[in-house]
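S.K.: generate coordinates for the sequence data below:
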Amino acid sequence: MLIVSESDDLHGTAMAATLREHHGLSPIHLDLRDFPREYGSFRLDRLGTTRSMSHLIGLDDVRSVWWRRPHPSAVPTGIRASDDAFRQAECDGFSQGMLWSIPAAWINDPGADRTASRKIVQLETALRAGFTVPETLITNDPDEARSFAESRPGPVVYKRTGTGRAEFAETRIIDRADFGKLTSIRTSPTTFQDYIDATCDLRVVWVDGVEWTVRIDSQAGVGRIDSRLDTSVEFAREQLPASVSKSLATLMGALGLSFGVIDLRLGRDGEYYFLEVNPQGQFAYLEIKTGLPLFRSLSNLLVHGDGAVPGY
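M.R.: The predicted structure follows:
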């Protein structure tokens, strides 16, 4: 078992503990920032292939991998930026290529994970899967953004478009005072979307067909626009309607994901609106809040290929 994540990642550490407790397995935990400080080799000959990292044992015996928010290789910088870029590309090409060549069950497949993390891909796929999606504009054109915001019948929110590591960016409702700042999107394409007046938010942890749904009473606190802003409100287990579950299964299948954390919003009009899916989303706090066996479910998928948990 291999977990590829930051060495201090809470989710990676908790998963390692779950695998030890429930499956008697001690996984390999790899932080790609250890390379090239540690030696690595890939060898191919008539007998087959071998992979090694100087501080790890057992890469060739790995049968399943959790690809969990990995960093690129940590290459020391030099004097010339072009040399740094070359070394970074060579190190990433080696470390990623060596890992991706392992014939294992991947959660998620790195290629599918990368494609699915693109918000535009998610929204288009969700619409085709039968979800209701808020009307959306993603652009770096200030004039088009302003025109969109002014033309909508209700409030419009704006939020970041990328999913890379960055300072937390709150989803906010745009107002006229923000129009003068729209020139900043010229080099930072931004997502503008109809604001959904909600009764609650829903976060779904998808484990290869097993859906664990949490209802977040977001409208009772300061997270009415962005539910991530308030974890003091009530979190409760929830069941999705069959039609929404069907759209969710279609979406995840089309994206090629066996795991993901999906954000939905239940509007006051009764519609379930798709907001986004994060292939490497946070879910530890959901287990703490509700007692749902989320780590156990994902560990079962890694070990047995099935995310079901007896008794749930």
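
S.K.: farthest from the middle of this structure: give me that residue.
M.R.: Centroid-distance maximum for the chain: residue 46 at 39.2 Å, with CA atoms, centre = their mean.

S.K.: shaky segments in the stretch 101-250 of the chain?
M.R.: Residue ranges of the stretch 101-250 of the chain with pLDDT under 70: 164-167.

S.K.: need phi/psi at residue 275.
M.R.: Residue 275 adopts backbone torsions of phi -110, psi -50, taken as degrees, to the nearest 10.

S.K.: re the thing from before, can you tell me how far the residue farthest from the centre of the chain is from residue 52?
M.R.: 19 Å (CB to CB, to the nearest Å). Every C-beta, even on glycine, is put in place using the N, C-alpha and C of the backbone.

S.K.: then residue 298?
M.R.: Distance, residue 298 to residue 52, using CB to CB: 27 Å.

S.K.: the two: which has the busier surroundings?
M.R.: Using other CB atoms under 10 Å, the more surrounded residue of residue 298 and residue 52 is residue 298, with 28 against 17.

S.K.: quick check: what element follows the helix or strand harbouring residue 144 along the chain?
M.R.: Counting by DSSP states H and E, the element that carries residue 144 is helix 142-151. Counting by DSSP H and E, the next helix or strand C-terminal to helix 142-151 is strand 156-160.

S.K.: next, the residues that contact that following strand from outside, please.
M.R.: Residues outside strand 156-160 that contact it (CB atoms under 8 Å, 6 or more residues apart in numbering): 145, 148-149, 166, 169-174, 178, 190-195, 225.

S.K.: just the buried ones from these, in PyMOL syntax?
M.R.: Buried residues within those, by 16 or more other CB atoms under 10 Å, are selected in PyMOL with:
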select buried, resi 145+148+149+171+174+178+190+191+192+193+194+195+225
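
S.K.: among the contacts of strand 156-160, name the ones in strands.
M.R.: Cross-referencing the contacts of strand 156-160 against strands under DSSP state E gives 172, 173, 190, 191, 192, 193, 194.

S.K.: what is the helix ranked longest in the chain packed up against?
M.R.: As assigned by DSSP state H, the longest helix anywhere in the chain is helix 81-100. On a contact count with 3 or more CB pairs under 8 Å, 6 or more residues apart in numbering; DSSP states H and E, helix 81-100 meets strand 40-45.

S.K.: following the strand it packs on, which helix or strand shows up next?
M.R.: Per DSSP H and E, the first helix or strand lying C-terminal to strand 40-45 is strand 48-53.

S.K.: that next one: which residues count as buried?
M.R.: By neighbour count with 16+ other CB under 10 Å, strand 48-53 contains the buried residues 51, 52, 53.

S.K.: show me the contact partners of that strand.
M.R.: Against strand 48-53 from outside (CB under 8 Å, 6+ apart): 30, 34-35, 38-43, 59-60, 98, 101-102.

S.K.: about what we covered before: could you give the angle of the longest helix of the chain to strand 40-45?
M.R.: For helix 81-100 against strand 40-45, the angle between stretch directions is 60 degrees (axes from the mean of the first three to the mean of the last three CA atoms, to 10 degrees).

S.K.: phi, psi for residue 135 please.
M.R.: phi -60, psi 130.

S.K.: tell me the contacts of it?
M.R.: By CB under 8 Å, 6+ apart, the residues touching residue 135 are 152, 193, 194.

S.K.: same question for residue 40.
M.R.: Contact analysis of residue 40 by CB under 8 Å, 6+ apart lists 52, 53, 54, 94, 95, 98.

S.K.: ditto for residue 256
M.R.: 108, 109, 111, 112, 115, 116.

S.K.: quick one: which of those residues is nearest residue 303?
M.R.: Proximity of the contacts of residue 256 to residue 303 (CB to CB) peaks at residue 108, which lies at 16.5 Å.

S.K.: and for the closest one, the neighbour number?
M.R.: Neighbours of residue 108 under the rule other CB under 10 Å: 24.

S.K.: pretty sure it sits against residue 261.
M.R.: No. Taking contacts as CB atoms under 8 Å, residue 108 lies outside contact range of residue 261: 11.7 Å.

S.K.: state the distance from residue 249 to residue 211.
M.R.: 8 Å.

S.K.: hmm, back to that, roughly how far is the helix holding residue 144 from the heart of the chain?
M.R.: When C-alpha coordinates are averaged (CA atoms, centre = their mean, to the nearest Å), helix 142-151 and its chain have centres 29 Å apart.

S.K.: what does it contact?
M.R.: For helix 142-151, the surrounding residues in contact (CB under 8 Å, 6+ apart) are 137, 139, 156, 158, 174, 179, 182, 183, 185, 186, 190, 192.

S.K.: for the closest residue to the last one other than its chain neighbours, helix, strand, or coil?
M.R.: With sequence-adjacent residues excluded and distances taken as CB to CB, 6 or more residues apart in numbering, residue 192 is closest to residue 137, at 4.6 Å. Under the three-state scheme (DSSP: H, G, I helix; E, B strand; the rest coil), residue 137 adopts strand.
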